[in-house]
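J.: quick one: sequence and predicted model below, then my questions.
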Amino acid sequence: MTDNIDSILHEDRVFPPPAGFVKTAHIGGQAALQALRKQADTDYEGFWAAQARAHLTWHKPFTQVLDSRKAPHYQWFSDGLINISHNCLDRHLATRGDKTAIIFEGEPGDTRRITYAELHREVCRFANVLKKMGIAKGDRVVIYMPMVPEAVVAMQACARIGAIHSVVFGGFSVESLKDRIEDAGARLLITADGGHRGGKIVELKATADKALAVGCKSIENVIVLERSKNTIAFNTQRDHWWHDAIKGVSEHCAPVWVESEHPLFLLYTSGSTGKPKGIQHSSAGYLLGAVTTMQWVFDIHDQDIFWCTADVGWITGHTYVAYGPLATGATVMMYEGAPVIPHGGRFWEICQKHAVTIFYTAPTAIRALMKLGDEIPNKFDLSKLRLLGTVGEPINPEAWMWYHRVIGKERCPIVDTWWQTETGAHMIAPIPGAVATKPGSCTLPLPGIAMDVVDNSGNSITEPEQGGFLVTRKPWPHMLRTVWGDEERYRKTYWGEFGGKYYIAGDSARRDKDGYFWIMGRIDDVIKVSGHRLGTMEIESALVAHPRVAEAAVVGRPDDIKGEAIFAFVVLRGVRPKGGVDAALTKELRQWVTEQIGPIARPDDIRYSDNLPKTRSGKIMRRLLRSIASGQPITQDTSTLENEAILDQLQGKV
Ligand code: WTA
């Protein structure tokens, strides 16, 4: 058991669901929730089968519910046939064709509204473009785009023809893009000239060109959306403007019916090793998770304007921008840019302007906006908001209370949702019309989700306030299916302990006396920087790829706004700079990591030493480095250190 399992947080405030909210909620009150839980507990498969029949539109109904024969490759609804884009678009046309599907606002202030009928046409047209480029069911398509509606069009178009998309976050750079394209073996890349972010243009096409120049041999064509109108290089053999490609193309495209288990997408995420893993999701099970949680946790109603601020490059942007809202026929808000451009009230201004009713963001954004003071949000009319949410990292009670008081005006429940790229949708979260909330707790597992906290031997920890490993005891429909091309890694990472009985989340958690879950953090070498999931090993590999770096160890240190900041300990080839300081090299290394992985992985601090602290068996003492990085006194036993003298160097004393 690792050291971060000691529980330190104590929080006693409880906020019951507001009466007005309960009245109109899909699950209003304890009785309704208990009835649902009872169904799930007494007949687990029957419960999920009923959900799948009620919430999804099937081309061929399933008869098989859960198939565990190839465990841990669990299959759900496997003899059914379905199409995800049909579920997100076609099935709404008769009743909601003229309803706004997407409200878009660009960072420069341009806005667009797209109805379900229009979105359906654009998706069909673009699906035909994909077909013209030779893309068929099972082919991989990489999408590297800004937060614009066309990113959703591209994803939905892939789903329509059974192509597997892999969205790469626009903040990733050359190496990250190249690795993902190559691992997925993608035939097509969809990108844009650039996107607006933070008052600048993110030059996506230029980065893509660099990635394609050094590898990515599987890419045959590149489709380029014109968004920011910056000058780009254009290879007429390979590149096609989006607006040219769709000219004269039919807006009719029959959905390709796929098996429930057909992969809808891959999404690469960081783990404990240097290489990101391609998390593979299914079609039907995944969408079921998106729809049920839109109903249960976001309590989505027809008149809601739903805004999840996550980029489509992350799982949150997949489930709660591109799929969940559309599958439930909701109106989804999409904003391209940064929260503070051109002013610190941009998020609140958007809420006011577009009458947002449900707002979902990351604790890091809440903390950053809280720092700017109450006057800014107080200038805007936030009276339409009725529900708030957070995701991605633990939220500190102070930020929770600010969100509750200043944004929610003590009227809106807050849903703190725990889940992961791997889980596909929310797993532990309050059902806002039934579950009382506590600042800093994601509360209770959802119906049909068997979460537990276990000790080293895999036994459930029943005593309150005792930390342990967060696990899931039963397979669930929206779980990951495998790691793309790496079966072994799937088994080892997620099912490798406790005799393969549980899914291991990689987080530590504790429960309080009411059974509420409190997430304590990762137990592996994954850090969360501004809510972005990064592997310390990935950053280390990038650093070591620099000609002057011999060795590197990266850890997270607490940061008021970002949650965690990146601290790199570096051993150089040749002599250590005098006093451990070399500002020019530090600048160069930070830039280097930015180019290799992306600005989100740029180390905040770099410290040079002659060696890294290692045990006699050669393992880097990360725990020690974490203490040093956070400026805490060293309490660890350092007697096993090969070279105790470097402690002063690591602490920046010499
Ligand atoms: C962390 C994001 C505390 C956790 C959807 C998890 C959270 C990792 C919460 C997954 C939360 C996510 N409270 N921690 N509400 N939500 N996490 O794959 O450590 O980017 O394992 O998915 O984020 O990050 P990922």
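T.: Good, I have the coordinates. Numbers count the residues shown, from 1 in each chain.
J.: show me what contacts E551?
T.: V544, V570, V571, N611, L612 (C-beta atoms under 8 Å, 6 or more residues apart in numbering). No exception for glycine: its C-beta is placed from N, CA and C like everyone else's.
J.: find the closest residue to the ligand in the stretch 251-400 of the chain.
T.: Of the residues in the stretch 251-400 of the chain, the one nearest the ligand is P394, at a distance of 4.0 Å by C-beta to the nearest ligand atom.
J.: partners of the closest residue to that residue other than its chain neighbours in the sheet?
T.: Distance criterion C-beta to C-beta, 6 or more residues apart in numbering; nearest residue to P394, sequence neighbours excluded, is I519 at 5.2 Å. Using DSSP bridges, the beta-bridge partners of I519 come out as A509.
J.: mind pulling up the pLDDT for I519?
T.: With respect to pLDDT, I519 has a value of 95.
J.: number of nearby residues for it?
T.: 20 (other C-beta atoms under 10 Å).
J.: now do the one 3 residues further on
T.: In terms of burial, R522 registers 20 neighbours under the definition other C-beta under 10 Å.
J.: my guess is it contacts A505. True?
T.: No. With contacts counted by C-beta atoms under 8 Å, R522 stays clear of A505, the gap being 9.2 Å.
J.: before we move on, which element is E540 in?
T.: Element membership for E540 (DSSP states H and E) is helix 536-544.
J.: cool, I279 as well?
T.: In the assignment (DSSP H and E), I279 maps to strand 277-281.
J.: got a list of contacts for stretch 199-212?
T.: Applying C-beta under 8 Å, 6+ apart, the contact partners of stretch 199-212 are 107, 144-146, 170-171, 173-175, 177-178, 181, 189, 191-196, 219, 222, 224, 228, 230, 232-233, 235, 238, 338, 341-342.
J.: buried residues, that stretch. List them.
T.: When neighbours are counted by 16 or more other C-beta atoms under 10 Å, the buried residues of stretch 199-212 are found to be I201, V202, E203, L204, K205, A206, T207, A208, D209, K210, A211, L212.
J.: which of these lies closest to F306?
T.: Using C-beta to C-beta, V202 comes nearest to F306 of these, at 25.3 Å.
J.: show me what the closest one is bridged to.
T.: Residues in a beta bridge with V202, per DSSP bridges, are G195.
J.: wait, P17 sits on A434?
T.: Yes. Using C-beta under 8 Å, P17 and A434 qualify as a contacting pair, with a distance of 6.3 Å.
J.: what touches both of those two?
T.: By the contact definition C-beta under 8 Å, 6+ apart, P17 and A434 are jointly contacted by A25.
J.: ok so, going back, tell me who's in contact with the residue of the stretch 251-400 of the chain closest to the ligand.
T.: P394 is in contact with P363, G440, W518, I519, M520, G521, G563, counting by C-beta under 8 Å, 6+ apart.
J.: distance to the ligand added to the residues you listed, as JSON lines?
T.: Below are the contacts of P394 laid out as JSON lines (distance: C-beta to the nearest ligand atom, whole Å):
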{"residue": "P363", "distance to the ligand": "8"}
{"residue": "G440", "distance to the ligand": "9"}
{"residue": "W518", "distance to the ligand": "9"}
{"residue": "I519", "distance to the ligand": "4"}
{"residue": "M520", "distance to the ligand": "9"}
{"residue": "G521", "distance to the ligand": "6"}
{"residue": "G563", "distance to the ligand": "9"}
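J.: most surrounded residue in the residues you listed?
T.: P363 (26 neighbours).
J.: not counting its neighbours along the chain, what's nearest that one?
T.: Take P363 and drop its neighbours on the chain: the residue closest to it by C-beta to C-beta, 6+ apart is I395, 4.1 Å away.
J.: what does the pLDDT read for that neighbour?
T.: For I395, the model assigns a pLDDT of 94.
J.: what sits against the residue nearest to M145 when sequence neighbours are not counted?
T.: Using C-beta to C-beta, 6+ apart and skipping residues adjacent in sequence, the residue nearest M145 is A151, 4.2 Å away. Neighbour list for A151: I143, M145, V167, V312, A322 [criterion: C-beta under 8 Å, 6+ apart].
J.: touching, the last one and A157? I think so.
T.: No. Between A322 and A157 there is no contact, the gap being 11.3 Å when judged by C-beta under 8 Å.
J.: assign the closest residue to the ligand within the stretch 101-250 of the chain to helix, strand or coil.
T.: Distances from the stretch 101-250 of the chain to the ligand, computed as C-beta to the nearest ligand atom, single out F169 as the nearest residue at 10.5 Å. Under DSSP: H, G, I helix; E, B strand; the rest coil, F169 falls in the coil class.
J.: hmm, back to that, near the ligand too, which of the contacts of A151?
T.: Filtering those for proximity to the ligand by C-beta under 6 Å from any ligand atom leaves nothing.
J.: what about the spatially closest residue to T357 that is not a sequence neighbour, how many residues nearby?
T.: Nearest in space to T357, with sequence neighbours left out and distances taken as C-beta to C-beta, 6+ apart, is D304 at 4.6 Å. Residues within reach of D304, counting by other C-beta under 10 Å, total 22.
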